[in-house]
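J.: From the sequence below, what's the structure:
(chains A and B)
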Amino acid sequence: MTDPDIQKAVPSTDRVSLQHESLQRDSLGDASLERAVSLLRTDVPVRDAWRNALLREISESPPPELRVPSNFLPDVPGRMPVLLRAFSVQPIAAIAACVLAMVVGGVGTLAVMRRSVPVTPTTAVAAAQVPLVTAANVNSGVGTRQVIRFALVAPGAAHVSVVGDFNNWDPNATPLKTARDGSTWLIDMPLSAGRHVYAFVVDGDIVADPSAPRVVDHDFGVQNSVILVGSL
Amino acid sequence: MLLTATSIQLSAQSSVPSTASANTQALSLPARLTPQTRTAIEKLADSLRAAGVPADPLYDKAAEGVLKNGDDVRILAAIRTLARDLRTASSLLGTTAPASDVVNAASALSAGVPVSAVQRLVKRRANSGELDGRLALSFIILADFASRDVPVDAAVKAVDGLLARGAGVAELTAFRTGVERDLSAGRDVGTTLTTRAEGVLRRR
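T.: Residues are numbered from 1 along each chain as shown, chains lettered A, B, ... in the order given. Predicted coordinates for the structure are as follows:
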């Protein structure tokens, strides 16, 4: 908008003019200065016609020209603008960087794998009581049997049995049954007093009882569990 | 797969007479074994029976070996070792000893308890008269300790000391339970053997 246009849109009576205040620097005193500041702080009256003319001028003006560098990727919805930069690397440096990345990546992967592989998939929630035989049972060799409950939580297992020196290590002799929760396998069976070595067979795999004391099997290299049966 | 297991002793519900091997079903050798291996095992079992030594544990060992995918050579070696331990135990205890005592003593030998230690305990029975069930219980305790890496010499010394001072079955049991608890808590083995033995005798 040019100055004559503004003069047309805004009446002369509304124009702010400081000429009558005689604000020449050499003649300013404190009173004059305060008056000038007070005058400057007052709101400038703006008429609606003037404001509308200004806004119309702005809306009709063309948008400012966008200067896009030649290496700037075109704007794609959902993607951050990317400014491309060109680098130049010596071939030998590129090869060295690749080798370094492979070594660092390999070592890192190994470290993560070592930390993440579980040592044992078993977790015990209850410790087994391991009582001992009674004197009568031991001494006479003819003792009373005691009912022992074997329980194993094995979610997803199709078949669980208990094997030991009490059933000739026969995986079909003593199958466990699932409890109501569908993942706990149970059986109550009478055992003679004494020390018994046993294990569970879960879908064909021999598993030591995670909550009972274990003994190393020097003969075949598979750990067993041990229970001492008896009441005192 | 998450496995959680526990074996819980329920109250004694029956008084069906049984021996240490009475839980086993009709003993037979696994069909997977070769005829030669089966013959060798049967000969060993026959020789034990002829000498009055219990032979049932040989069949258990054969079945265990087959279940654990041991080959015939390994199974036969394990059975020969077990037969030797049974024979040694029987000779130490005498032909009149109950089969369960012989089996328990053989278990102690198999677990690493030296012959001299078994001999020492047997000798104490001879000196002290009948030890009731304490002798067999001592074998069970020693076998249990030895199989769990408790120093055998220290364990034998502690158990023998208890027997020498007249500890009964209840005291031996309390001793074993206390040591078990301490081992689970990670306490020093040597210290717990001494303190538990002394504690048991102090409460008499």
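
J.: Sketch out the low-pLDDT regions of chain A for me.
T.: In the predicted model, chain A carries pLDDT under 70 at residues A:1-29, A:39, A:42-46, A:50-51, A:53-89, A:98, A:103-144, A:230-232.

J.: repeat that with 50
T.: A:1-2, A:6, A:10, A:13-23, A:25-26, A:68, A:78-84, A:110-142, A:231-232 (pLDDT under 50).

J.: for chain B, same thing?
T.: Short version for chain B, where the test is pLDDT under 50: B:1-2, B:11-25.

J.: That one: helices as residue ranges?
T.: Assigned by DSSP state H, the helices in chain B fall at B:35-50, B:56-67, B:72-93, B:99-111, B:115-128, B:134-147, B:152-164, B:169-184, B:189-202.

J.: Of all those, which one comes closest to A:Asn172?
T.: helix B:56-67 (10.8 Å; Cβ to Cβ). Using the backbone N, CA and C atoms, a C-beta is placed for each residue, glycine as well.

J.: Helix B:99-111 and that closest one, what's the angle between them?
T.: 50 degrees (axes from the mean of the first three to the mean of the last three Cα atoms, to 10 degrees).

J.: Does helix B:56-67 reach chain A?
T.: Yes. Using Cβ under 8 Å from any Cβ of the partner chain, helix B:56-67 reaches chain A at B:Pro57, B:Tyr59, B:Asp60, B:Lys61, B:Ala63, B:Glu64, B:Gly65, B:Val66, B:Leu67.

J.: Now do the contacts for the last one.
T.: In this case it means B:Leu67. The neighbours of B:Leu67, taking Cβ atoms under 8 Å, 6 or more residues apart in numbering or on different chains as the test, are A:Val163, A:Trp169, A:Pro171, A:Val201, A:Ile206.

J.: mind redoing it with 7 Å?
T.: A:Val163, A:Trp169, A:Pro171, A:Ile206 (Cβ atoms under 7 Å, 6 or more residues apart in numbering or on different chains).

J.: Of those residues - the most surrounded one?
T.: The most crowded member of the contacts of B:Leu67 is A:Trp169, carrying 27 neighbours; neighbours defined as other Cβ atoms under 10 Å in any protein chain shown.

J.: that older thread, a markdown table for the helices of chain B, including distance to A:Ala31?
T.: As requested, the helices of chain B are exported to a markdown table (distance: least, Cβ to Cβ, whole Å):
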| stretch | distance to A:Ala31 |
| --- | --- |
| helix B:35-50 | 126 |
| helix B:56-67 | 114 |
| helix B:72-93 | 117 |
| helix B:99-111 | 113 |
| helix B:115-128 | 119 |
| helix B:134-147 | 109 |
| helix B:152-164 | 109 |
| helix B:169-184 | 97 |
| helix B:189-202 | 100 |
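
J.: Now tabulate the contacts of B:Leu67 in TSV and tack on distance to chain B and secondary structure.
T.: Listed next are those as TSV, based on distance: Cβ to the nearest Cβ, whole Å; DSSP: H, G, I helix; E, B strand; the rest coil:
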residue	distance to chain B	secondary structure
A:Val163	6	strand
A:Trp169	4	coil
A:Pro171	6	coil
A:Ile206	6	strand
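
J.: which of those sit farthest apart?
T.: Maximum pairwise distance in the contacts of B:Leu67, criterion Cβ to Cβ, is 9.7 Å, between A:Trp169 and A:Ile206.

J.: returning to that earlier point: output the residues of helix B:56-67 next to chain A in TSV; the columns should cover distance to A:Ala36.
T.: Formatted as TSV, those follow (distance: Cβ to Cβ, whole Å):
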residue	distance to A:Ala36
B:Pro57	117
B:Tyr59	119
B:Asp60	115
B:Lys61	115
B:Ala63	114
B:Glu64	110
B:Gly65	112
B:Val66	112
B:Leu67	108
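
J.: show me the residues around the nearest residue to B:Ala111 once chain neighbours are set aside that make contact.
T.: The spatial neighbour of B:Ala111 that comes closest, neighbours along the chain excluded (Cβ to Cβ, 6 or more residues apart in numbering or on different chains), is B:Ala146 at 3.9 Å. Counting by Cβ under 7 Å, 6+ apart, B:Ala146 makes contact with B:Ala108, B:Ala111, B:Gly112, B:Val113, B:Val152, B:Ala155.

J.: Assign A:Leu40 to helix, strand or coil.
T.: helix (DSSP: H, G, I helix; E, B strand; the rest coil).

J.: So it versus A:Ser32, what's the distance?
T.: In this view, A:Leu40 and A:Ser32 are 13 Å apart by Cβ to Cβ, to the nearest Å.

J.: quick one, which of the two is more surrounded?
T.: Per other Cβ under 10 Å, whichever of A:Leu40 and A:Ser32 has more neighbours is A:Ser32, with 14 against 10.
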